[in-house]
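Participant: sequence plus the predicted model coming up.
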Amino acid sequence: MADEETEEKPEPKKTKPLVERASTIPKLDLAFGYYWEVEGKQPEWNTFVGHPEIFRQALADALTNRRMTRLYFAADGIWIEMPIPQLK
């Protein structure tokens, strides 16, 4: 029979932030895609990739433009649609 005091106990696990623990939460890529619609023409797919210094401004410009009708973000290479209200 082993002595309980002499047995080694495993080290307690260090807790990590939820984002690091949850492998199902992908990180967003620094990219967004959108459909640009002009009256009388087919919707046109456009993307903005990279350039962290102007990413916010590019996204704000796209969101305030009435021609943008659908918005997508890339997460681990998969495009995810973000619903947006139609501007009038």
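Facilitator: Thanks, I have the structure now. Keep in mind that what you see is a predicted model, and the values were worked out from it rather than measured.
Participant: output the below-cut-off pLDDT ranges for this protein.
Facilitator: Across the chain, the ranges flagged by pLDDT under 70 are 1-7, 13, 16-26, 86-88.
Participant: where along it do the helices fall?
Facilitator: With helices called from DSSP state H, the chain shows them at 18-21, 55-64.
Participant: which of these sits most buried?
Facilitator: Comparing these on average neighbours per residue, with mean count of other C-beta atoms under 10 Å, the densest one is helix 55-64 at a mean of 12. For the C-beta atoms, the positions are set from N, CA and C on the backbone; glycine is no exception.
Participant: tell me which other helices or strands it touches.
Facilitator: Helix 55-64 makes packing contacts with strand 28-36, strand 44-49, strand 68-75 when contacts are defined by 3 or more C-beta pairs under 8 Å, 6 or more residues apart in numbering; DSSP states H and E.
Participant: may I see these organised as TSV, with mean neighbour count and distance to K9 added?
Facilitator: Putting those into TSV (neighbours: other C-beta atoms under 10 Å; distance: least, C-beta to C-beta, whole Å) gives the following:
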stretch	mean neighbour count	distance to K9
strand 28-36	16	40
strand 44-49	12	50
strand 68-75	16	40
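Participant: mind putting those strands in CSV, distance to A60 included?
Facilitator: Converted to CSV, these look like this (distance: least, C-beta to C-beta, whole Å):
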stretch, distance to A60
strand 28-36, 11
strand 44-49, 11
strand 68-75, 11
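Participant: could you dump the helices of the chain into a markdown table with distance to F73 added?
Facilitator: Shown next, in a markdown table, are those (distance: least, C-beta to C-beta, whole Å):
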| stretch | distance to F73 |
| --- | --- |
| helix 18-21 | 16 |
| helix 55-64 | 9 |
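Participant: out of these, the one nearest A74 is which?
Facilitator: The closest approach between A74 and any of the helices of the chain, judged by C-beta to C-beta, belongs to helix 55-64 at 12.2 Å.
Participant: restrict the closest one to CA atoms and write it as CSV.
Facilitator: Output for helix 55-64, consisting of C-alpha atoms alone and laid out as CSV, is shown next (Å, rounded to 0.1, in the frame of the first residue of the first chain):
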residue,chain,number,x,y,z
PHE,A,55,-8.9,48.9,-41.9
ARG,A,56,-11.3,50.8,-39.6
GLN,A,57,-11.7,53.7,-42.1
ALA,A,58,-12.2,51.3,-45.0
LEU,A,59,-14.9,49.4,-43.1
ALA,A,60,-16.6,52.7,-42.0
ASP,A,61,-16.6,53.9,-45.6
ALA,A,62,-18.1,50.7,-46.8
LEU,A,63,-20.8,50.6,-44.1
THR,A,64,-22.0,54.2,-44.9
